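Enquirer: Fold the stuff below for me.
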Amino acid sequence: MSDFRITVDGIASLTQQFADLRQTQPQKLARVVLGSALRVIGDEMKRLLDPKVQEAGRRVGHRVTISRGVITRAKVGFNVGKRGKENWRRKRSGPGGIGIGGRNVHWWIMGTGERYRGGRRRKRVTKATASQYTGQMPAMQPDLAASAFNAVKGQLPNIMARAGRRYAEAMAKRSRQFASRLKQSKTGAK
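Expert: Numbers count the residues shown, from 1 in each chain. Just a heads-up that it's a prediction; the model follows:
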């Protein structure tokens, strides 16, 4: 009797790829599709933002959170998603305040209650630490997010479908490349 062994390369990696397709690809597809819709809504929010605070539009971002295979949160807004580097200490144009920038644009949009500076929350307030009333800000654009969504909601199904198709095409191309590499490794091994 002779020893006869057959080894087939790539089966383990192919099995792993199929397992990944079954488990992670629907989640990745959902992230891509929802991300494309949120990006369009964010762009519309930037466009609708008042010109006085237009520089804060750079801080619009989006995030899709998937936990245990379920989409738990999809949100778009200011200071959402990956943080860009922005200098918090802005140069003052006048004697008071820091102005409206990316980190505090929500003051402009939603307004603020009464605000104080100093020792308002301290139990012992001395003359040196007495709180100073700095005012309140009315909401300037309270319906910004709803207006942005309503402006683009007719386009969203097409945008999401196009993103889904592009993702499926990319995955098909990746599978074809994997198959050709596997075929080349088999022919090269002979």
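
Enquirer: All the strands of the chain, residue numbers only.
Expert: Using DSSP state E, the strands of the chain run over 60-67, 70-78, 115-117, 132-135.

Enquirer: mean confidence score for the second one?
Expert: Mean pLDDT, computed over strand 70-78, is 86.

Enquirer: Low-confidence bits of this structure, can you list those?
Expert: 1-24, 83-97, 118-130, 186, 188-190 (pLDDT under 70).

Enquirer: Which elements pack onto whichever helix in it runs longest?
Expert: In terms of residue count, the longest helix belonging to the chain (DSSP state H) is helix 156-189. In terms of contacts (3 or more CB pairs under 8 Å, 6 or more residues apart in numbering; DSSP states H and E), helix 156-189 is packed against helix 11-23, helix 25-48. For glycine as for every other residue, the C-beta is placed from the backbone atoms N, C-alpha and C.

Enquirer: what angle separates it from helix 25-48?
Expert: Using axes from the mean of the first three to the mean of the last three CA atoms, to 10 degrees, the inter-axis angle of helix 156-189 relative to helix 25-48 is 140 degrees.

Enquirer: Contact partners for the residue nearest to residue 29 when sequence neighbours are not counted?
Expert: Closest residue to residue 29 apart from its sequence neighbours, by CB to CB, 6 or more residues apart in numbering: residue 167 at 5.6 Å. By CB atoms under 8 Å, 6 or more residues apart in numbering, the contact set of residue 167 is 28-29, 32-33.

Enquirer: and those residues, which two are the farthest apart?
Expert: 28 and 33 (9.6 Å; CB to CB).

Enquirer: ok, these two, which is more surrounded?
Expert: Between residue 28 and residue 33, counted using other CB atoms under 10 Å, residue 33 has the larger neighbour count: 20 against 14.

Enquirer: I figured that one hits residue 158, correct?
Expert: No: counting by CB atoms under 8 Å, residue 158 is not a contact partner of residue 33; they are 11.7 Å apart.

Enquirer: For residue 116, which residues are in contact?
Expert: Contacts were defined as CB under 8 Å, 6+ apart; by that measure residue 116 touches 131-134.

Enquirer: now residue 44
Expert: 148-149, 151-152.

Enquirer: Would you confirm that residue 103 contacts residue 53?
Expert: No: the criterion here is CB under 8 Å, and residue 103 misses it with residue 53 at 11.8 Å.

Enquirer: And for the nearest residue to residue 156 once chain neighbours are set aside, the neighbour number?
Expert: Closest residue to residue 156 apart from its sequence neighbours, by CB to CB, 6+ apart: residue 37 at 4.9 Å. Using other CB under 10 Å, the number of residues around residue 37 comes to 22.

Enquirer: Also residue 132?
Expert: The number of residues packed near residue 132 is 10, by other CB under 10 Å.

Enquirer: Number the residues from 51 up from this point.
Expert: That works, and once the first residue is 51, the last one we named lands at residue 182.

Enquirer: does it really touch residue 165, like I thought?
Expert: No: using CB under 8 Å, residue 182 makes no contact with residue 165, being 9.8 Å away.
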